[in-house]
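Novice: just coords:
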């Protein structure tokens with residue numbers, strides 16, 4: 001029986017009769033098959049080829065998925081991918097040997113095509129997100145006092161000092177918890193304690209930190225070194241600075257017009273090389289723009305979360321950020337403009353709001369910035385300046401809606417510091433509120449900066465092939481933002497399991 005027979009039969013035609021439909025020529029010497037027979041055969045053969053190609057494409061996609069999952073040490077995803085390969089190979093077998101099953105495969109292919117078509121239908125952009133940080137403001141916002149930041153309290157409030165007495169007289173409820181944290185060695189405790197302090201990794205942390213410390217020691221606001229600023233078109237200057245920052249080692253760069261609400265009201269985190277006389281001083285600047293840079297934290301090293309390699313990677317990126325921001329800040333002053341580098345332990349502004357307004361990423365449930373290429377696996381630095389530049393626009397990557405459905409970071413957080421519920425309002429801002437106190441208490445216990453929430457975020461997966469396609473869908477499709485968090489849980493699981501990092505940062509004793 002021909003492949004066309006089943007299709008003709010499905011149309012309610014007698015295959016024996018239709019195969020004998022003939023037209024007699026004038027000389028009646030030969031028979032010519034009716035044109036309808038040709039059309040049915042050709043249509044069925046074309047359908048057969050389309051279905052075959054579709055299944056082969058699905059096998060190829062599943063194979064690529066298995067390969068990428070193997071690279072990412074995702075055992076559950078590998079099993080699902082192999083199951084997909086086996087299923088579609090079986091479909092191909094049935095396509096050749098079962099006429100009845102061909103109709104099922106046609107239906108299956110059409111459903112898949114329809115689903116993808118619906119998935120790529122673009123929706124409206126989130127108007128609040130496209131306003132940048134202004135979209136989170138629902139009331140009066142008071143400028144943040146850096147003295148309240150847990151890092152500043154742990155490092156700069158020394159028992160018996162004037163600053164210590166002054167601060168805890170105002171906030172006595174914070175004293176006991178802060179003192180306990182300091183007794184363990186500060187916000188990161190004893191470095192590497194979760195892994196019994198492996199000397200090689202502890203020394204890597206110290207080496208990266210020393211570079212950052214050296215650079216930050218010179219990060220005080222710099223005055224112009226020229227009487228008259230050089231004249232440059234804002235667009236020309238902006239493009240040059242962005243390309244230069246990338247050349248220096250930045251992975252993402254954006255420019256924001258400074259919103260004074262995100263500038264600290266008073267200094268509180270004083271670097272060891274700077275005078276404590278600066279503690280509590282009011283921050284008054286005439287800066288108009290911020291060049292914000294993000295550096296990628298290596299995905300494979302982050303597999304070790306929450307172990308010591310994560311801290312080595314954090315410090316590597318802090319030192320990179322300190323280097324890039326210091327060089328760019330110096331360029332501004334050499335060009336006749338005021339500038340100050342913000343990195344590591346010298347900040348005059350909150351970094352995440354600046355990055356949002358610079359179009360680098362979006363705010364997330366975990367409190368970190370989420371970028372399109374690297375998810376939450378970034379560290380931020382910035383240069384504040386009064387040089388006229390062209391600001392970038394905020395972006396909508398779908399993070400806001402995705403985070404509402406996805407709670408991986410909250411479910412995996414070792415200290416349960418990330419909220420499972422909805423956004424709340426604090427200081428005039430509608431956002432998810434991280435419990436930074438319990439988060440840093442955990443850091444102090446394990447001697448690392450954890451990183452579990454960073455690495456488990458679906459946006460943080462390597463910026464390769466299939467993951468890029470998913471991120472493209474999330475930017476475009478409201479349906480994808482609601483559906484894919486659940487699909488991600490099915491394929492990759494809901495909670496974090498530590499994976500094997502590269503051998504050179506192995507934290508396990510040999």
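Specialist: Nice, thanks for sending it over. Everything quoted here is computed from the prediction, not taken from an experiment.
Novice: How about residue 369, nearest residue that isn't a chain neighbour?
Specialist: In space, and not counting its chain neighbours, residue 369 is closest to residue 361: 4.4 Å by C-beta to C-beta, 6 or more residues apart in numbering. (Each C-beta comes from the backbone N, C-alpha and C, glycine too.)
Novice: give me the beta-bridge partners of the one you found?
Specialist: Beta-bridge partners for residue 361, by DSSP bridges, are residue 371.
Novice: Contacts only, for it.
Specialist: Contacts of residue 361 were listed using C-beta atoms under 8 Å, 6 or more residues apart in numbering, and they are 294, 355, 369-372, 378, 395, 397, 399.
Novice: Buried among those? Need that as a selection in PyMOL.
Specialist: The PyMOL selection below is limited to those of the contacts of residue 361 classed as buried (16 or more other C-beta atoms under 10 Å):
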select buried, resi 294+355+369+370+371+372+378+395+397+399
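Novice: so of the contacts of residue 361, which ones are in helices?
Specialist: Residues of the contacts of residue 361 located in helices (DSSP state H): 355, 399.
Novice: Nearest to residue 330 among the contacts of residue 361?
Specialist: residue 294 (20.3 Å; C-beta to C-beta).
Novice: Verify the stated contact: that closest one with residue 360.
Specialist: Yes. Counting by C-beta atoms under 8 Å, residue 294 does reach residue 360; the two are 5.7 Å apart.
Novice: who touches both of those two?
Specialist: Joint contacts of residue 294 and residue 360 (C-beta under 8 Å, 6+ apart) are 252-253, 369, 371.
Novice: Out of those residues, which sit inside strands?
Specialist: If you go by DSSP state E, the shared contacts of residue 294 and residue 360 have 252-253, 369, 371 in strands.
Novice: Dump these to TSV, plus pLDDT and distance to residue 455.
Specialist: As requested, these are exported to TSV (pLDDT from 0 to 100; distance: C-beta to C-beta, whole Å):
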residue	pLDDT	distance to residue 455
252	98	18
253	98	23
369	97	15
371	98	14
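Novice: For the shared contacts of residue 294 and residue 360, which two are the farthest from each other?
Specialist: Within those, 253 and 369 form the most distant pair, 13.7 Å apart (C-beta to C-beta).
Novice: Give me the common contacts of these two.
Specialist: 294, 360.
Novice: any idea which helix or strand carries the nearest residue to residue 448 once chain neighbours are set aside?
Specialist: Spatially, and ignoring its direct neighbours in sequence, residue 448 is nearest to residue 311 (4.6 Å; C-beta to C-beta, 6+ apart). Assigned by DSSP states H and E, residue 311 belongs to helix 308-334.
Novice: Lowest-scoring secondary structure element of the chain by mean pLDDT?
Specialist: Lowest by mean pLDDT, DSSP states H and E among the helices and strands of the chain is helix 3-10, with a mean of 39.
Novice: how about the helices in the stretch 401-510 of the chain?
Specialist: Applying DSSP state H, counting those that start in this stretch to the stretch 401-510 of the chain gives helices spanning 408-412, 436-446, 452-456, 465-476, 478-492.
Novice: if we can go back for a sec, quick check: which helices or strands does the helix holding residue 311 pack against?
Specialist: Counting contacts by 3 or more C-beta pairs under 8 Å, 6 or more residues apart in numbering; DSSP states H and E, helix 308-334 packs against helix 199-216, helix 234-248, strand 289-296, helix 299-302, strand 339-342, strand 378-385.
Novice: and the fifth one, what does it pack onto?
Specialist: Applying 3+ C-beta pairs under 8 Å, 6+ apart, one finds that strand 339-342 makes contact with helix 308-334, strand 378-385.
Novice: Of these, which is nearest residue 503?
Specialist: Residue 503 lies closest, by C-beta to C-beta, to one member of the helices and strands packed on strand 339-342: helix 308-334, at 11.1 Å.
Novice: For the closest one, buried residues please.
Specialist: 308-333.
Novice: Stretch 105-123 now?
Specialist: Neighbour-count burial for stretch 105-123, counted by 16+ other C-beta under 10 Å, picks out 105-106, 108-109.
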